[in-house]
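Asks: the sequence isn't on hand, but the structure is:
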C-alpha cells in the first residue's frame, strides 16, 4: 500500500513538473516567430509638393496675384482721390461758412456728411468684392492643382500627395519624395496651353 502511495506521489510530481514546464514554455514558442525579420509590404508611394515653391512659381498664381494687386492699387488710388476731393470741399465750406446763412450751412454740412458716408460705403463694398474675388481665385487655384494631380494619378501611382510648408504640420520630408518640380512643370504647361487659345482670339 505504501508502494502504491509512493508511486502515485511520484506520478503526480512528474505530472506537475511537466505541466509547469509546458506552461512556461508555451508563450516562448508563440513569441518566437516575432523574432524573424518583418516582411515589408510595398504600398503605393506617398509624395509631397513644396507649397511655397508651387505658389511662387506657378504662372496661374502669379498672374492672379498681379491682377488682384492691380485692383487693390486702383482701389487705394480711388479712395485717396475721393478723400482729397472731400477734404477740398470741407476746406472750401469752412472758408465760406461765415458768409452763408444758417440754412445754407446746414444743407452743405449734411451734403458733405453724406458724401463721406458714400465714400466709406464704396470702400467697404469694393473691399468685400475684392475679398470675394480673391476667395474665388484661391478656390480655382486649388481646383486646378487637384484636377491636375487627379489626372496624372489615373494609374493610382500615388496614395497621397502632401502639401509641405516649412513650419507646417509635417516636421520632416525626405527630399527623395519631393515631386514639386515635376508637378510644377506640368501645371505650368497645362496653364500655358489654356492661355494660348485666348491669346489667338
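Replies: In hand now; what should we look at? It should be emphasised that the depicted structure is a prediction, and the values quoted were computed from it without experimental measurement.

Asks: what helices or strands is the helix or strand where residue 130 lies leaning on?
Replies: Using DSSP states H and E, residue 130 maps to helix 102-152. Helix 102-152 makes packing contacts with helix 59-96, helix 180-200 when contacts are defined by 3 or more CB pairs under 8 Å, 6 or more residues apart in numbering; DSSP states H and E. In short, each C-beta sits where N, CA and C put it, glycine included.

Asks: reformat those helices as TSV; add mean pLDDT.
Replies: Conversion of the helices and strands packed on helix 102-152 to TSV gives the following (pLDDT from 0 to 100):
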stretch	mean pLDDT
helix 59-96	94
helix 180-200	85
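
Asks: give me the angle between the helix or strand just after the helix holding residue 130 and helix 102-152.
Replies: Downstream of helix 102-152, the next assigned helix or strand under DSSP H and E is strand 158-164. Counting by axes from the mean of the first three to the mean of the last three CA atoms, to 10 degrees, strand 158-164 lies at 140 degrees to helix 102-152.

Asks: in strand 158-164, what's buried?
Replies: 158, 161, 162, 164 (16 or more other CB atoms under 10 Å).

Asks: between those residues, which is nearest residue 77?
Replies: In terms of CB to CB, no member of those lies closer to residue 77 than residue 164, at 38.4 Å.

Asks: so who does that closest one touch?
Replies: By CB atoms under 8 Å, 6 or more residues apart in numbering, the contact list for residue 164 reads 48, 49, 50, 51, 170, 173, 178.
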